[in-house]
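1. quick check, what structure comes out for this input:
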Amino acid sequence: MKKVDQILLKFEKHAAKILLMVMIVLVFASGVARFLKHPINWAVDMSSFFFAWACFFAVDVAWRENKMMSVDILVKKFSERTQKIIRVVNYIIILAFIVYLIVWGFYLSYKTRYRTFVGIPNFSYTWVTLSVPVGAILLFRTTVLKLIEEFRGNKKEER
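-> Prediction:
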């Protein structure tokens, strides 16, 4: 299972980097082309597509590596047991929100199946909206792993 985790994490990191770089190149090229009076109509739409997927990959990487911003000034003053309870409650709240994202993300993806991009005919907007439930599934998996780690008492690194 650890091997699968490493492969998935590596894929997400590389995918997020590549998608963001391609998005930046497309937006820049679109700006230059527009300045030269030859706009690239599909560049902004494709950039939106790449950005949506890159965001969800990047947020899962940050969540998995405990690099999300947190305000824990007050929580640090509690006992270790109380801190653990607060973390578990937070994970359960996060899981509830992620389940909401999965359910409604798939619903939205289904509803947008006939919608296409303005600049890219025959490219369904569903490919963008699928980033929500797929990204949420990745986040769900990461959060469940964090909950399991919490109950086992393993503390990989300082939170």
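2. on contacts alone, who are the packing partners of the host helix or strand of Tyr91?
-> Using DSSP states H and E, Tyr91 sits in helix 80-111. On a contact count with 3 or more CB pairs under 8 Å, 6 or more residues apart in numbering; DSSP states H and E, helix 80-111 meets helix 126-129, helix 131-152. Every residue, glycine included, has its C-beta placed from N, CA and C.
3. contacts for the first one?
-> This means helix 126-129. By CB atoms under 8 Å, 6 or more residues apart in numbering, the residues outside helix 126-129 that reach it are 48-49, 52, 105, 108-110, 112-113, 115.
4. mind listing what's buried in that helix?
-> 126, 128-129 (16 or more other CB atoms under 10 Å).
5. could you say what helices and strands the helix or strand harbouring Gly31 packs with?
-> In the assignment (DSSP H and E), Gly31 maps to helix 2-35. Other helices and strands packing on helix 2-35, by 3+ CB pairs under 8 Å, 6+ apart, are helix 43-64, helix 131-152.
6. now, of these, which is deepest in the fold?
-> Burial of the helices and strands packed on helix 2-35 is given as mean neighbour count (mean count of other CB atoms under 10 Å); helix 43-64 ranks first at a mean of 20.
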